[in-house]
Each structure stands twice: as structure tokens, then as C-alpha cells.
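Enquirer: Structure, please.
(2 chains, ligands or ions: 2)
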Amino acid sequence: MTDTTLSSAPAAPPARPALDGLRRVGLAAAGLALFILVWEALPRLGLFNPMLLPAPSVIPAAFWAELQSGAWAAAVSASLGHYTIGLAVGSVLGLLGGIATGMSRLAEDMTSWVVRVLRPIPGLAWVPFAIIWFGVSPSAAVFIIAIGVFWIVFFAAHGAIRGVDRDLIEVADAFGFRSGHERLFKILLPAAMPGILVGLRTALGQAWMAVVAAEIFGVPGLGQRMIQASSLLATELVVVYMLTMAALYGLLDTVFVAVQGWVLRWKA
Amino acid sequence: MGAAMESVIDIEGLSLTFTRDGQRNEVLRGLDLSVPRGAFIAIVGSSGVGKSTLLRVLIGLATASSGTVKITPRPGQRQPLALVFQDSRLLPWRSVVDNVAFGLEGGGLSRAERRAKAREALEIVGLSHLADRWPHQLSGGQRQRVSLARALAVEPEVLLMDEPFSALDAITREGLQDELVRIWQLTGKTVLFVTHDIEEATYLADRVVVLAGSPGRVVADQILDAPRPRRRSQSQEPDLVAGIRQHISGETMVDGTGI
Ligand SMILES: Nc1ncnc2c1ncn2[C@@H]1O[C@H](COP(=O)(O)OP(=O)(O)OP(=O)(O)O)[C@@H](O)[C@H]1O
Ligand SMILES: [Mg+2]
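Expert: Numbering: from 1, shown residues only, chains lettered A, B, ... in the order given. Ligands and ions are numbered 1, 2, ... in the order given. The predicted structure is shown next:
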């Protein structure tokens, strides 16, 4: 009987994803605990000067004091402001530039040398001009952040648009959608979306680094507060802000990944 | 049948040459074809002879090097032609129903109206229950049927079909063939059906056009007047099938030795 041969087929190895997941979380937590333990031990055992490396146990109190004084909220909201505006400006311009050069050979050819000259200049190299043009002001920080974001999004969008399968563009053509506008919105943008979102996510992280760099020059925000703290040797405050940045970035990235997952829910 | 003499598509002296890296590849030369309104024409020919290219010229995806193509739609026809691609080419970011509704956009219909029409088209190909799936969740045959529904949804006068059923299993294929004939009889559409399967061509069409040679041209044009519904059990006209086969292979052999 065929039945018997079927039932004697080797059983698949038992999959236990739930247990596996639990194990992973457990290991991660254990690793974190160990990290904190070692960190705490270093200054306590006198292996490190506590002035130079604050123990983790002093961080909560420092955070609480900073929160009470209102300095934390002020720094975070100022930095988030620079971050959001810089990210938005850089992304929109990068997207526009990337789409234009991705769709039009003329635009690509005309900009190719300009791009080659400007692209290798690191965002921080723009600090002198940022200060000359905008002074030590939020606009200068926004400018520096936006430049870094611009290039990332520009190249991501350009490559993604350029890489859209010609076969899909033909579908639009076959149904009579032949204007640049129809092509862009019906085919190119949705088809390029995965690549564009990868670029935006990279920019999300890159912009955060630029925030600190831009503010170190005196624009009020997290970066400036860190520099102030370090000049007073308030190292525990420096750590507070380091962790603040990590937390804010983690939060933003998590939200972004969730949105990305929803937008790209059509993917296999 | 009185208006049967009136053509919806008139092709005269169509030639097409691809040029790549200075290399000229003449695919079609001096092709003439007149498609009467309401006809069901099968176009057969061996691989690479230019069948897809011919459909692409008609839908405007390729441009003829010379010759004329005249399309005379009925007045008020928004989109006279629709193409079912050889590969289904669904847009992966659209759900099945929105893929089918694709061609209806920009025609003044609301989103709800477009979806309603798309659901009707899905009904015809028997896939209404998959309306909300993503294309990657479909089988190859289901994708091909969605692609057919997408073309039907715009209610074109002429349906151009490029080997639409070649990737399907026999049972699904036969079901869709009968469905296509039913749609054709019901709506009075004109169908240009490219296939490499002579049995399929003779089962479906009331005229078989054979393309052969390099560059390709029409080497045979055969009327099939077997009554419908047709029998599938054995080929209706074995002589005819043999003749068509000879035309296809004969020409390729000549071409193989000739160049
Ligand atoms: N864009 C193109 N550029 C250059 N050559 C092309 C192009 N498209 C098709 N060809 C060539 O034109 C010829 C005809 O191609 P076509 O796709 O029309 O064949 P076909 O009859 O549909 O074949 P099949 O049955 O395999 O689908 C082939 O030799 C092919 O290589
Ligand atoms: Mg083909």
C-alpha cells in the first residue's frame, strides 16, 4: 500500500522556535548583566579611577538630577529638533535628486562630475562653512546633518530607481501610462521603495552621529551638554547622555523598522 | 457576421530590425495581416520567430522600422487593446485585486468602482477568493490568470495574448481555454492568441496564422471552420495540423541552411 510508505517517511526534526527564542533572550540578558558587572567592578576594585570611569550604579542618580534640573529635556528636545529637521531636509532633497538622476539620463550626465567632486567631502568638513553661513546656531547643525543624510538618500534613491525592472515599466506602458509622472508613481517609486527605505534607515543612524558632531561646536543640544559635562569632569553625565543617545536611536530605529515592515508587507 | 469584413487591425508591410552594438537583427520583414473585428486568430511559429515582437508593436512597446499598423477601435473605446504578457508581470506591491484594477486608473472611476470591476474580472477567471492576496502568494498558473483578468478588466476590444497558458498544467489550461472561448463568444472581443502549441491553436481559433523564416513573415493563413463547441479528444483536422507543422518546420529548415 502506498499508505505505509508514506507513513514511514522520516519525521521532520522537531522545531522549537519558542524555546529557542527564550534561550536567546536569556543569553542576551546574561551578557548584558555580565557587562554591567565588569563595568561596576573596574572602578570599585580600584582598577580604574572613578573620576575617569563612573560606575554604572551612579548613573541613575546623575540622570535623575539632570532630569530634575530640566537640562536633560532641553538638550534632548533641542537635539531632536536638529535631527528631525536635518533628516527631513536631507532626505527630501536626496530623494528628489536621486529620483531625477535615476529617471533622466540628462540629469545624471549633467550632475555626474559635480557629484564626484562633492560626494567625498565628509559632512564635518562643512563645519567651517556652516559656521560662516549660519553662525553657531541650530541652522548650522541642521545644515551639517542634512548634508550627510542627503548623500546617503541620494545614492540609495538613484540606485533603486535605476534598478527597477524594465519589464514592470512595460506593464505601465502597455496600459497606456506613459507620462513620467504616471511611471514614477505607478511603477518606479513603489518598485524602488525597498532600496529607498534601506537608504533612509542608514541615514537615520548617520544623522544621529552628525547631531553630536554638529553640537560639539557649541550649538545647544546633547552634544554640547556632553562637552560641558566632560570639561567639568562630570563623567557620569557624559555616560547619561551616551545612553540617552543609544536609547533614542534604538527607539527611532525600532519605529522605523516597524513602519518599513508595514510598507513592504507585500514582500515575500 | 455582416460586419465581419471590417478590420480592427490592419498591418501592412511591417518590418522590424533590432540594432545592438552595430549588429542588425532583422526580426520581421514585410508582414501583412488584417484582423477582422470579432475574429479569434491564433499566431503560431517557432521560438524566436517574432511572435512576441509582433504583439509588442501592436500594443506600442516596440516601434516598427517600416510599414503601417492601423488600429480602428469602435467609437468610445477607452483602451482598444490589452496585452497578456508571456510572463505574468504582476506588480508585486499591489494586492491581486489592485493589480487587476491597474489599467482602470485614470479613467474617472472611483477606487471602489475600480475594485468592483476588478472583482468581476477575477470572477471570470475564477480567482475571486484570492483577491486580497499578494502576488508572491500565488502559484504561477494563478498569476497568469490574474494577468488575464487585468487585461479583461479594461474591457478592451482586442485581447492580445502571448502564450498565456503555456506554463499551466493541462487541466487548468483546458479550463482556461474554454473560459476564453466563452468570454470571446459572450463579449464579441477580437482575440490575437500567440502560441507554439498547434493543438491549442486549432482548438481555439477560427484562423491560424503561421509565422516562419528569418526575418519572420506570414507563411500560411488558414481558416478553421470546425463548429463550436469543438471536440478536444482528438485533433479536429489531422491534415490541417500536419500542414501547419510542416509550414513551421519547413521554413525553419530552409532558414537554417539558407544563411
Ligand atoms: N529588445 C530586443 N533587442 C534585440 N533583439 C530582440 C529584442 N527582443 C527580441 N529580440 C529578438 O527578436 C527575435 C524575436 O523575438 P520574439 O520574442 O518576438 O520571439 P517569439 O516568437 O516570441 O519567441 P518565443 O516563442 O520563444 O517567445 C529573437 O531573435 C530575439 O532574440
Ligand atoms: Mg514570445
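
Enquirer: For the rest of this, base every contact and every neighbour count on C-alpha atoms.
Expert: OK.

Enquirer: where in the stretch 1-150 of chain B is pLDDT low?
Expert: Across the stretch 1-150 of chain B, the ranges flagged by pLDDT under 70 are B:1-5.

Enquirer: In contact with whatever residue of the stretch 1-150 of chain A ends up closest to chain B: list those residues for me.
Expert: Of all residues in the stretch 1-150 of chain A, A:Met103 sits closest to chain B, at 18.4 Å by CA to the nearest CA. A:Met103 makes contact with A:161-162, according to CA atoms under 8 Å, 6 or more residues apart in numbering or on different chains.

Enquirer: Next, the residue in the stretch 151-259 of chain B that ligand 1 sits nearest to: secondary structure please.
Expert: Closest contact between the stretch 151-259 of chain B and ligand 1, by CA to the nearest ligand atom, is at B:His196 (6.3 Å). Secondary structure, DSSP: H, G, I helix; E, B strand; the rest coil: B:His196 is coil.

Enquirer: Which residue is the nearest non-sequential neighbour of it?
Expert: Spatial nearest neighbour of B:His196, chain neighbours left out: B:Val44 (5.3 Å); criterion: CA to CA, 6 or more residues apart in numbering or on different chains.

Enquirer: Off-centre distance for stretch A:206-213?
Expert: Offset of stretch A:206-213 from its chain centre (CA atoms, centre = their mean, to the nearest Å): 9 Å.

Enquirer: Give the rounded mean pLDDT of stretch A:109-118.
Expert: On average, the pLDDT along stretch A:109-118 is 92.

Enquirer: Compute the distance between the spatially closest residue to A:Asp167 that is not a sequence neighbour and B:His136, please.
Expert: Distance criterion CA to CA, 6+ apart; nearest residue to A:Asp167, sequence neighbours excluded, is B:Arg89 at 7.2 Å. B:Arg89 is 11 Å from B:His136, where distance means CA to CA, to the nearest Å.

Enquirer: Equivalent analysis for A:Asp167, please.
Expert: As judged by CA to CA, A:Asp167 and B:His136 stand 17 Å apart.

Enquirer: The two: which is more packed in?
Expert: Counted by other CA atoms under 10 Å in any protein chain shown, A:Asp167 and B:His136 do not tie: B:His136 has more neighbours, with 17 against 13.

Enquirer: helix, strand or coil for the residue nearest to the more buried one when sequence neighbours are not counted?
Expert: Excluding its sequence neighbours, the residue lying closest to B:His136 (CA to CA, 6+ apart) is A:Ala268, at 6.1 Å. The assignment at A:Ala268 comes out as coil when based on three-state DSSP.

Enquirer: Spell out which parts of the stretch 101-250 of chain B neighbour chain A.
Expert: B:103, B:134, B:136-137 (CA under 8 Å from any CA of the partner chain).

Enquirer: residues in the stretch 51-200 of chain B within reach of ligand 1, list them.
Expert: Neighbours of ligand 1 within the stretch 51-200 of chain B, by CA under 6 Å from any ligand atom: B:51-53.

Enquirer: got the residue ranges for the helices in the chain?
Expert: All of this is about chain A. For chain A, helices defined by DSSP state H occupy the ranges A:2-7, A:17-44, A:59-69, A:71-103, A:105-118, A:127-134, A:138-162, A:166-174, A:180-183, A:189-215, A:222-231, A:235-263.

Enquirer: nope, chain B
Expert: Using DSSP H, helices in chain B cover B:51-59, B:96-100, B:111-124, B:140-153, B:170-187, B:198-204, B:238-258.

Enquirer: Can you add mean neighbour count and give the ones you listed back as a markdown table?
Expert: A markdown table is the format used below for those (neighbours: other CA atoms under 10 Å in any protein chain shown):
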| stretch | mean neighbour count |
| --- | --- |
| helix B:51-59 | 21 |
| helix B:96-100 | 27 |
| helix B:111-124 | 19 |
| helix B:140-153 | 24 |
| helix B:170-187 | 14 |
| helix B:198-204 | 22 |
| helix B:238-258 | 14 |
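
Enquirer: Now stretch A:18-31: average pLDDT?
Expert: Mean predicted confidence for stretch A:18-31 is 89.

Enquirer: no wait, stretch A:245-253
Expert: Confidence for stretch A:245-253, expressed as mean pLDDT, is 94.

Enquirer: May I see the buried residues of it?
Expert: Residues A:245, A:249, A:253 are the ones in stretch A:245-253 that count as buried (16 or more other CA atoms under 10 Å in any protein chain shown).

Enquirer: could you dump the residues you listed to CSV with distance to B:Thr19?
Expert: Formatted as CSV, those follow (distance: CA to CA, whole Å):
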residue, distance to B:Thr19
A:Met245, 57
A:Tyr249, 53
A:Asp253, 49
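
Enquirer: and which of these is nearest to chain B?
Expert: A:Asp253 (23.2 Å).

Enquirer: residues in contact with the closest one?
Expert: Going by CA under 8 Å, 6+ apart, A:Asp253 touches A:201, A:204-205.

Enquirer: what do you get for B:Gly45?
Expert: Per CA under 8 Å, 6+ apart, neighbours of B:Gly45: B:51, B:195-196, B:210-212, B:248.

Enquirer: got a winner among the residues you listed for most neighbours?
Expert: Going by other CA under 10 Å, B:Ala212 tops the contacts of B:Gly45 with 29 neighbours.

Enquirer: Can you give me the end-to-end span of stretch B:51-67?
Expert: End-to-end distance for stretch B:51-67, by CA to CA: 17 Å.

Enquirer: hmm, who's touching that stretch?
Expert: A:170, A:173-174, B:11-17, B:30, B:43-45, B:69, B:81-83, B:160, B:162, B:194, B:211.
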